[in-house]
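> pasting the sequence and the predicted coordinates here, then a few questions.
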Amino acid sequence: MYRTQFHKALRSSRLTQPHHVCRKVSPLARAAFSTSGRRDIMGLTGFTEEQLTVRDAISHICSKFPNTYWQERDQEEKDPKEFHAALAKDGWLGIALPESLGGAGLGISEATMMMQTITQSGAGMAGAQSIHANVYATQPLARFGSKEQLETTIPNIINGTWRTCFGVTEPNTGLETLKLSTLARKTDDGYSVTGQKIWITCAQVASKMILLARTTPLEEVKKTSEGLSIFCIDVDRENPGLDLRKIKKMGGRAVDANEVFFDNYKIPANTLIGKENEGFKIILHGMNAERCLLAGEALGLGYAALEKASQYAKDRVVFGRPIGQNQGVAHPLADAFMKLEAAKLATYHAARLYDSNDGSVPFHEIGVACNSAKYLAAEAAFTACERAVLAHGGMGYAMEYDVERYMRECFVPRIAPVSREMILNYVSEKVLELPRSY
Amino acid sequence: MSGLRILVPVKRVIDYAIKPRINKAQTGVETAGVKHSLNPFDELSIEEAVRLRERKGPIKVEDILALSAGGPKCPDVLRTAMAMGADRAFHIDIPEKGDSGPEPLTIAKMLQAVVKEQNVNLVLLGKQAIDGDQGQTGQMLAGLLGWPQTTQASKVEIKDEAGTVEVTHEVDGGVETLRAKLPMVITTDLRLNEPRYASLPNIMKAKKKPLEKKTLADLGVEDTRRLKTLKVTEPPPRKGGGKVEDVDGLVGKLKELGAL
């Protein structure tokens, strides 16, 4: 058959990555044609045609960024800007933005699949985080922004000219979003922002920030959910009113996370998105979507780790047989697989509910589904990553085998954007109707 | 010449990265539940057609028509072709009978009919499909049409408005350059180009491009078979070789086997 010959020709003529860098040429790195695939341990039945198309197309872009690329970025803490540019070039940042603004008009189900495919390719959380906010934080803007805001901002974000970050979390109000204290004080021609944000991903490379800030002091609001406003502002790193400090962190080191300090940072009035003091409502809209995306990212990471582990367990021979032949090695991996599959079903169920959005599903049910999905996917990913490291033995501790990187990164979806404990609280209260503990 | 009207026939085949298995009845390759994709050589043809348009050469590309013959899954590869840049597509519906499908001559006759009907003046085909590996369709089509053909192209260049085309292809020890006039048939080879990834906006646009369903009968072609597959088997497993201790042992062994 021509097939084998074809394979060889492909390898020699197309593969630009130097062979000696990768220990093993992954099936992905070999895939040079836009319709080729790889062996997937994840079950693909039940996905829609759109989701599978997204998966295929994203896999191909990711195949240009092998594990060695991400190892290097992680070690050198260098922004994967080529990766962001490659996705922007082919229009992927607009996946969930309306067609009228140059997006693809697809839903969170497809965006979740995109994020999962990215982490699963070996790019891990670093890859996902390099574009995450551009996909998700633009949602409130697209929905509530003025015509002028949309026309100036969205096309530039989709084509990659501008990158965006999301400024919500504060050092003293992690989960208590309603208490947040960064103040946007009204001036003659706009607002003056003072306060502090933390864990702002990509602030070092972003030109825009979707900022949530208080426009009415907490003491003066009638309802706690009022008094916050949302802005789409420039990140002007030259301005003395803005200071960014990079946070050294455990994983996803390619992508910067920052403390952001505002000191009388002036922003024009036309940066306000929607109505003043209604920012919380707008942000709320996107929160469930973010949970779905994070769940997808966790899943991808888990499957990536498990693929590595099962391959290693097949290849590594000790006492005359592959270690994977021992049930002590095989069973934990099989168990991790089932956990991932279950979490996958929960995740795409939640995304489907979110996208249905026709009022037939009560809002709190969507919330429960999205939070459950995030929880289950993050825990399943952790199980898979931990067992993948252990299945590799000493090699699991070596950078070259990637699973240690996945292990470090899998804490992100466990912790963010909401902790496991708060999800348990939420389910206790909303589903089981137990008294609130806090 | 008014404009290029390009026909690009494409085939849905078992993905190149998948190792095919022989079915139990030994009548062919197992296709159920196996990942399929666009034949890689056809991907090159689509890419070349789109590049001819983008290059804005002496003759404008008026139409790129992708065509695939086969079962109900064929539209998948046609959507891929349209996402890459084909303008429209024909799906020639041929029910799957668990065999290797129509023979190259049937396909060539079908293409001949489409060429006439659609006023095509350039056919770009993959040099072969990676499933049947017959590599006959392009040549047969050129024969039926009485058109010039260049096979296994590694470069295609439209030279002037009169429709002069120069095609290079790799031959043993070098490159051969051929010149012919449109209309013509060109088959494509690996070195021709590097197919693009379909971008998201183009994938979305492809959904709205026209895809017409037709049958062989519509084109006045009958699916006659001249060949009967008797049996398909796996290649015999490779036997391990023997080991020799040293060079003398090797020479001795070679002499023993009559190789020296």
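Great, that's in hand.

> please enumerate the helices of the stretch 201-350 of chain A.
A:279-315, A:327-356 (DSSP state H, counting those that start in this stretch).

> just say which of these is most tucked in.
Mean neighbour count (mean count of other Cβ atoms under 10 Å in any protein chain shown) peaks for helix A:279-315 among these, with a mean of 25. For the C-beta atoms, the positions are set from N, CA and C on the backbone; glycine is no exception.

> that one vs helix A:327-356, what angle?
150 degrees (axes from the mean of the first three to the mean of the last three Cα atoms, to 10 degrees).

> does helix A:279-315 reach chain B?
No - against chain B, helix A:279-315 shows no contacts by Cβ under 8 Å from any Cβ of the partner chain, the least distance being 14.9 Å.

> just give me how far that helix sits from the chain centre.
7 Å (Cα atoms, centre = their mean, to the nearest Å).

> then stretch B:105-113?
Distance of stretch B:105-113 from its chain centroid, counting by Cα atoms, centre = their mean, is 14 Å.

> mean confidence for it?
The predicted model assigns stretch B:105-113 a mean pLDDT of 97.

> same check, this time on stretch A:232-245
Mean predicted confidence for stretch A:232-245 is 96.

> next one: stretch B:73-84
Here stretch B:73-84 scores 94 as its mean pLDDT.

> give me the residues contacting that stretch.
For stretch B:73-84, contacts defined as Cβ atoms under 8 Å, 6 or more residues apart in numbering or on different chains pick out A:34-35, B:8, B:10-12, B:36-39, B:42-43, B:46-47, B:50, B:66-68, B:86, B:88-89, B:91, B:93, B:195-196, B:198-199, B:202-203, B:205-207, B:209, B:211.

> buried subset of those, written for ChimeraX?
Selecting only the buried entries of the contacts of stretch B:73-84 in ChimeraX, with 16 or more other Cβ atoms under 10 Å in any protein chain shown as the criterion:
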select /A:34,35 /B:8,10,11,12,36,37,38,39,42,43,46,47,50,66,67,68,86,88,89,91,93,195,196,198,199,202,203,206,209,211
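
> inside helices: which ones of the contacts of stretch B:73-84?
B:Asp42, B:Glu43, B:Ile46, B:Glu47, B:Val50, B:Asn202, B:Ile203, B:Lys205, B:Ala206 (DSSP state H).

> picking that back up, turn the helices of the stretch 201-350 of chain A into CSV, columns for mean pLDDT.
Formatted as CSV, these follow (pLDDT from 0 to 100):
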stretch, mean pLDDT
helix A:279-315, 94
helix A:327-356, 97
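
> picking up where we left off before, now for the ones in helices among the contacts of stretch B:73-84: which two are most distant?
B:Asp42 and B:Lys205 (20.1 Å; Cβ to Cβ).

> flag every residue of chain B that's near chain A.
Chain B has residues B:15-18, B:20, B:35, B:37-38, B:40, B:43, B:77, B:80, B:84, B:128, B:130, B:133, B:190-191, B:194-204 near chain A, with proximity defined as Cβ under 8 Å from any Cβ.

> residue of the stretch 301-438 of chain A nearest chain B, please.
The stretch 301-438 of chain A approaches chain B most closely through A:Glu307 (14.9 Å), counting by Cβ to the nearest Cβ.

> my guess is that residue contacts A:Thr119, does it?
No - assessed by Cβ atoms under 8 Å, A:Glu307 is found out of contact with A:Thr119, at 11.9 Å.

> so A:Gly394: helix, strand or coil?
helix (DSSP: H, G, I helix; E, B strand; the rest coil).

> ok, it - how many residues close by?
7 (other Cβ atoms under 10 Å in any protein chain shown).

> what about the helices in the stretch 51-200 of chain B?
Under DSSP H, counting those that start in this stretch, the stretch 51-200 of chain B gives helices at B:74-84, B:104-118, B:137-145, B:200-206.

> export those to CSV and tack on distance to A:Glu238?
Putting these into CSV (distance: least, Cβ to Cβ, whole Å) gives the following:
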stretch, distance to A:Glu238
helix B:74-84, 42
helix B:104-118, 60
helix B:137-145, 61
helix B:200-206, 34
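
> return the most buried member of these.
On a mean-neighbour basis (criterion: mean count of other Cβ under 10 Å), the most buried of the helices of the stretch 51-200 of chain B is helix B:74-84, at a mean of 24.

> below-threshold pLDDT in the stretch 51-200 of chain A: ranges please.
Residue ranges of the stretch 51-200 of chain A with pLDDT under 70: A:174.

> quick one, strands of it?
Secondary structure of the stretch 51-200 of chain A (DSSP state E, counting those that start in this stretch): strands at A:164-167, A:183-186, A:190-201.
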